[in-house]
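J.: Coordinates for the following, if possible.
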Amino acid sequence: MDWCPRCDQGWVVRCRVREQVDVIEVCEECDTVWLEGQSVSMDAYTDLDPYMSGIGKEPLWSNLEPLERGAQR
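T.: The predicted model follows:
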């Protein structure tokens, strides 16, 4: 699990989009998204809102299934 390089305030969690096969990585704090296969970095990312809208889903965490538990600070 990585620390978010964009906001430097949250953990990046691997999630599956409910009712989809898509696996993404999402910052628990700022909702930055990295697609499966992308490295968690400032080089390539998107935000949860446009990503979820692009696949016809509301940008809500209830539409995501975490595949790992969030880290404890």
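J.: need the contact list for residue 63.
T.: 17, 18, 52, 57 (Cβ atoms under 8 Å, 6 or more residues apart in numbering). For the C-beta atoms, the positions are set from N, CA and C on the backbone; glycine is no exception.
J.: What is the most widely separated pair among those?
T.: With Cβ to Cβ as the measure, no two of those lie farther apart than 18 and 52, at 10.6 Å.
J.: in the longest strand belonging to the chain, what's buried?
T.: For the chain, the longest strand by residue count, based on DSSP state E, is strand 11-17. Within strand 11-17, the residues that count as buried by 16 or more other Cβ atoms under 10 Å are 11, 12, 13, 15, 17.
J.: Whichever helix or strand comes after that strand - contacts with which helices or strands?
T.: As assigned by DSSP states H and E, the chain's next helix or strand after strand 11-17 is strand 23-27. Here strand 23-27 touches strand 11-17, strand 32-35, going by 3 or more Cβ pairs under 8 Å, 6 or more residues apart in numbering; DSSP states H and E.
J.: could you say what helices and strands the last one packs with?
T.: Counting by 3+ Cβ pairs under 8 Å, 6+ apart, the packing neighbours recorded for strand 32-35 are strand 23-27, strand 46-47, helix 48-54.
J.: could you redo those as CSV and give each row mean pLDDT?
T.: Converted to CSV, the helices and strands packed on strand 32-35 look like this (pLDDT from 0 to 100):
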stretch, mean pLDDT
strand 23-27, 97
strand 46-47, 97
helix 48-54, 97
